[in-house]
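**Student:** Predicted structure and sequence below. I'll ask about it afterward.
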Amino acid sequence: MPTTADLDAEIEAERRHLAESRAALVRMRERAQQLFETGATVAGDAFAAESLGIALSDRIRSLVDDPNTPLFFGRLTFASPSGETFHIGRRHVTDDAGEPMVLDWRAPVCRAFYQASATDPQGVVVRRRFGFSGGALTGFEDEHLARGEELGTASRILTAEIERPRVGPMRDIVATIQPDQDRLVRSPLEETICVQGAPGTGKTAVGLHRAAYLLYAHRERLRRAGVLVVGPNQAFLRYISAVLPALGEVAVEQSTVEGLLNRVPVRGVDLPEVAALKHDARMATVLARAVSSMIRRPVEELVVSDGSWRWRVAVEALRRIVDDVRRESPPYAVGRERVRARAVALLQRQAEARRGESPSDAWVRAMGRNPAVRSFVDHVWPELTPEGLVYLLLSDPALLAAAAEGVLSTEEQELLRWKRPPRTVKSARWSAADALLIDEAAGLLDRVPSYGHIIVDEAQDLSPMQCRMLARRCAHGSLTVLGDLAQGTAPWAAADWRDTLAHLGRPEAPVVPLTTGFRVPAAVVALANRLLPALNVGVPEAVSLRRDGTLEILPVTDLAAATVAAVQSALTFEGSIAVICADASVPTYASALRTAGISAASTDDSAGDPDDDVSQVDSRVSVVPATLAKGLEFDHVIVVEPAEIVQAEPRGLNRLYVVLTRAVSRLTVLHAAPLPLP
C-alpha cells in the first residue's frame, strides 16, 4: 500500500510531465509557425506555396493549447517485458527528439484505455485516470486490471467529469468514452452505421468523435474527399462547433440540410400538405419520368456541311445513338454530350472514308458546334436546368399528369400544381421543399460531388427526399446516422430506421442501440419515459446511471412570475440554465426575465453575427423555443407549460419528450393548465 509521501511524489511527477508536455506543445506550434512564415521561399511554385500555406495554417490551429483543458486525461502501464507507460490525451505531443510525451487518444495502442477490463486486460497492468480542476491536475485514480480491479462507472473521476456543470458549447468526451461508444467511434471507414440513441446516451458525441477518429486513421483520403457534419439547425451547429477543434480537427464542414440546398433563394412557403407531398419519395419517380420525357427519337436525317462537303446521317443511325445512350442511363447532361459526340463520330467516319485520312481536331470541334448538329441534339435531348425542369413540372399540367400517372393521384397533382405560375424561372418564389426538388433534379441531370464521410444528427426527422439528397452527396463514401425515433417531430419523421436507411441508399447498415444514459438523471428519464407508449415508436426505454438529479413539477397560477423565481433559484447552482417554452411564448418569458434584471440570451436559428453566436452559447441563461431545443443540453432546464408545447404542433408529444430530456442535472416543470394525459 503506497504511503502518503509516495502518492505526493507520484502526483508531483505527473504535474511535471503535464508542464513539460505543455511546453513541448508550445514548441511544436512555434516550429509550425516558422515553417508557415518561410513556406513561400521553399515551395516550388505559387500553387505549391498556397497548398503548403493552407496545410500549415490548419496545423497551427490544431496545435492551439487551451490552458483550461487537460492535455492528457489517462495513462496506461503495460505488462512486462516492455513495461511501457503511455499518457493518453486529446492530441499527439512529442519532445524535441520526436519521442511521444502524450499519445493521441485515437492511436491504436490507446484503444486499451477504453476497452481493457479486469476480465480482458489486453496487456494493461494499470489504467490511471486523472482529475483536473480547470487545467490543473488535482489527483489520480488507478485500476490494477491484472489484479482484477476495475472501477467502471463507479470511478469518482469518471463520474465527476460526466456530471461536471457546463456553460457554453458542447465538450468532447474523450476522457469518458465507454466501451460500447468506443466500438462505434472506431468503426471502419467503409461501414455506415445507424445509432438509435436514447436521451443522454452520447450519440452526438459518438458521431463527432467518429469523425475525429476517421480523420486520424484516413487523413489523406478524407482530406481529399472531405467530412461533413449535418445538424438540424444553426443553434445545434453552434452548440457542437467546439468539439472537433478541441480534438485538433479544424477541416470539417458543418451544415444544416437547408444549407446544402443553395441553388435557389427560398422566398416562398408551402401549405403543410403540399410540403409533405414534395418531401415524399414518390416525387423522385415523378421527376425522373419528367426528365425521361424530354428525350425524343429523331424524325429526320442529319445533314451537315463543312464548306467543302455535305454529310448525311440516316435517321435510323441517329435513332440507334439515342436508344443506346438512353439504355446506358447516364446523368441527363452526360447523355446529351454522348449523343453529340456520337453523332460527330459518325460524321468523322464518313470524312475518313471519303478523304482517306482522319480530319483534324479543329474539324471535329467545328462539327460539334455546327448549327445542324446543335439543332439535332436540342431536338432529341434538349438542354435542361434543374430549376427549369421543376418550373416546367409545376407549371405544365400535361407534363405533370404524364410524369405522375400511376404515382400521384389527381388530387395530389392538383396540390402540387402552381395555380398562378410565375412568368419566368427567375421570378419564381421557391419554397424550401421546392429547393429539395431542384436538388433531386440536379442529381438527375449531372453528377454531384461526394464526401468521404457524412455524420447526420437528428436523422429521425429526415424526409425521404432529404435522405436522397444526402445519399447523392455520399455516393462513394459512408455515413454515421444518429438519432432517436422517439424524438421525431417532423411531419415525415421516421417510425423505423430501415426506411430511413433505405432512402439513404444503405438498407443493410446495422442499427445499434444506445440505451444507457450518462448525462440525464434517472428521475428525468423516468418522467420522459412515461410518454413513450403514446409516441408509437418501437424504441426501448432509456436507463440512466445517474441518481443525483432533481425533478420538480409545480402547478402555478402566474407562469411568468414562477419562471423568474425558478431561474433565480437555479442561479444559486453552477451551470447553464434554459427556459424552454412554446415558440410563441418566448418573447413573454424573455421580457419577464429582463424586467427582473436577469440577462438571458434567446436561441434562434439564424447564422447571425459570429460574435452574437458566441454570446448565445456562452450565456448562462437562455430562453429556448421548444422547436430548437433538440440536441442541446443544459444543467438546469425550466419547462414552462407543457400543454402549450404539445398543442403547438401535430407531433407535440414527441416535442415534449425532447424538451423534457434536455436537463443534465435539474428539471423544473411549471404548469397552469393540466399536464398532458400521457
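**Tutor:** Received it, and whenever you're ready, just let me know what you need. Residues are numbered from 1 along each chain as shown.
**Student:** quick one: which helix or strand includes the closest residue to residue 93 other than its chain neighbours?
**Tutor:** Nearest residue to residue 93, sequence neighbours excluded (CB to CB, 6 or more residues apart in numbering): residue 102, at 4.0 Å. Where C-beta positions appear, they are placed from N, C-alpha and C, glycine not excepted. When elements are assigned from DSSP states H and E, residue 102 belongs to strand 100-104.
**Student:** That strand pairs with which strands, and in what direction?
**Tutor:** Applying DSSP bridges, strand 100-104 is found paired with strand 85-89 (parallel), strand 93-94 (antiparallel).
**Student:** any chance of those strands in JSON lines, with mean neighbour count, mean pLDDT and distance to residue 485 too?
**Tutor:** Shown next, in JSON lines, are the strands paired with strand 100-104 (neighbours: other CB atoms under 10 Å; pLDDT from 0 to 100; distance: least, CB to CB, whole Å):
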{"stretch": "strand 85-89", "mean neighbour count": "21", "mean pLDDT": "94", "distance to residue 485": "35"}
{"stretch": "strand 93-94", "mean neighbour count": "20", "mean pLDDT": "92", "distance to residue 485": "42"}
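**Student:** before we move on, back to that, only C-alpha atoms, please: export the strand holding residue 102 in CSV.
**Tutor:** The C-alpha coordinates for strand 100-104 follow below in CSV (Å, rounded to 0.1, in the frame of the first residue of the first chain):
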residue,chain,number,x,y,z
PRO,A,100,6.0,10.8,-27.7
MET,A,101,5.1,12.6,-24.4
VAL,A,102,1.3,12.3,-24.9
LEU,A,103,-0.4,9.9,-27.3
ASP,A,104,-3.4,10.9,-29.3
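**Student:** Give me the next element, helix or strand, following that strand.
**Tutor:** Sequence-wise, the next helix or strand downstream of strand 100-104 (DSSP H and E) is helix 111-115.
**Student:** Name the strands paired with the next helix or strand after that next one and say parallel or antiparallel.
**Tutor:** As assigned by DSSP H and E, the chain's next helix or strand after helix 111-115 is strand 124-133. When pairing is defined by DSSP bridges, strand 124-133 lines up against strand 72-78 (antiparallel), strand 136-144 (antiparallel).
**Student:** Can you give me the buried ones in the longest one?
**Tutor:** Of the residues in strand 136-144, those buried under the neighbour-count criterion (16 or more other CB atoms under 10 Å) are 137, 140, 142, 143.
**Student:** Go ahead and confirm residue 657 touches residue 485.
**Tutor:** No: using CB atoms under 8 Å, residue 657 makes no contact with residue 485, being 10.6 Å away.
**Student:** Which pLDDT value belongs to residue 169?
**Tutor:** Listed pLDDT for residue 169 reads 70.
**Student:** How much space separates it from residue 304?
**Tutor:** Going from residue 169 to residue 304 by CB to CB, to the nearest Å gives 64 Å.
**Student:** Just list whatever residues bridge to residue 637.
**Tutor:** Here residue 637, judged by DSSP bridges, has bridge partners residue 578, residue 667.
**Student:** ok, now which ones touch it?
**Tutor:** By CB atoms under 8 Å, 6 or more residues apart in numbering, the contact set of residue 637 is 577, 578, 580, 659, 662, 663, 666, 667, 668.
**Student:** next one: residue 186
**Tutor:** 111, 210, 213 are the contacts of residue 186 under CB under 8 Å, 6+ apart.
**Student:** what about residue 495, which helix or strand?
**Tutor:** Per DSSP H and E, there is no helix or strand for residue 495.
**Student:** Over to it: give its phi and psi.
**Tutor:** phi -110, psi -10 (degrees, to the nearest 10).
**Student:** if I read this right, it contacts residue 536, doesn't it?
**Tutor:** Yes: if you go by CB under 8 Å, residue 495 and residue 536 touch, sitting 7.0 Å apart.
**Student:** Those two - which one has more neighbours?
**Tutor:** residue 495 (14 against 11; other CB atoms under 10 Å).
**Student:** any idea how far the closest residue to that one other than its chain neighbours is from residue 636?
**Tutor:** Spatial nearest neighbour of residue 495, excluding adjacent residues (CB to CB, 6+ apart): residue 537 at 5.8 Å. Residue 537 sits at a distance of 28 Å from residue 636 (criterion: CB to CB).
**Student:** out of these two, which sits in the more crowded spot?
**Tutor:** Between residue 537 and residue 636, counting by other CB under 10 Å, residue 636 is the more crowded of the two (27 against 19).
**Student:** Pull the contacting residues for the more buried one.
**Tutor:** Applying CB under 8 Å, 6+ apart, we find residue 636 in contact with 570, 573, 575, 576, 577, 578, 663, 665, 666, 667, 668.
**Student:** run the last query once more with 6 Å
**Tutor:** Applying CB atoms under 6 Å, 6 or more residues apart in numbering, we find residue 636 in contact with 570, 577, 666.
**Student:** Then residue 340?
**Tutor:** By CB under 6 Å, 6+ apart, the residues touching residue 340 are 368, 377.
**Student:** tell me the secondary structure for it?
**Tutor:** Following DSSP: H, G, I helix; E, B strand; the rest coil, the label given to residue 340 is helix.
**Student:** Could you check which helix or strand contains residue 188?
**Tutor:** Here residue 188 is assigned to no helix or strand, by DSSP H and E.
**Student:** what's the burial count for it?
**Tutor:** 10.
**Student:** Grab the nearest non-local neighbour of residue 257.
**Tutor:** Closest to residue 257 by CB to CB, 6+ apart is residue 466, at 5.3 Å.
**Student:** what's the neighbour count on the nearest residue to residue 421 once chain neighbours are set aside?
**Tutor:** Of all residues not flanking residue 421 in the chain, residue 395 sits nearest, at 3.9 Å (CB to CB, 6+ apart). Residues near residue 395, counting by other CB under 10 Å, number 17.
**Student:** One more: the one 10 residues further on?
**Tutor:** Here the neighbour count serves as a burial measure; for residue 405 (other CB under 10 Å) it reads 11.
**Student:** please renumber so the chain begins at 50
**Tutor:** Fine by me, first position is 50 from now on; the one you just mentioned is residue 454.
**Student:** Pull the contacting residues for it.
**Tutor:** Contacts of residue 454 by CB under 6 Å, 6+ apart: none found.
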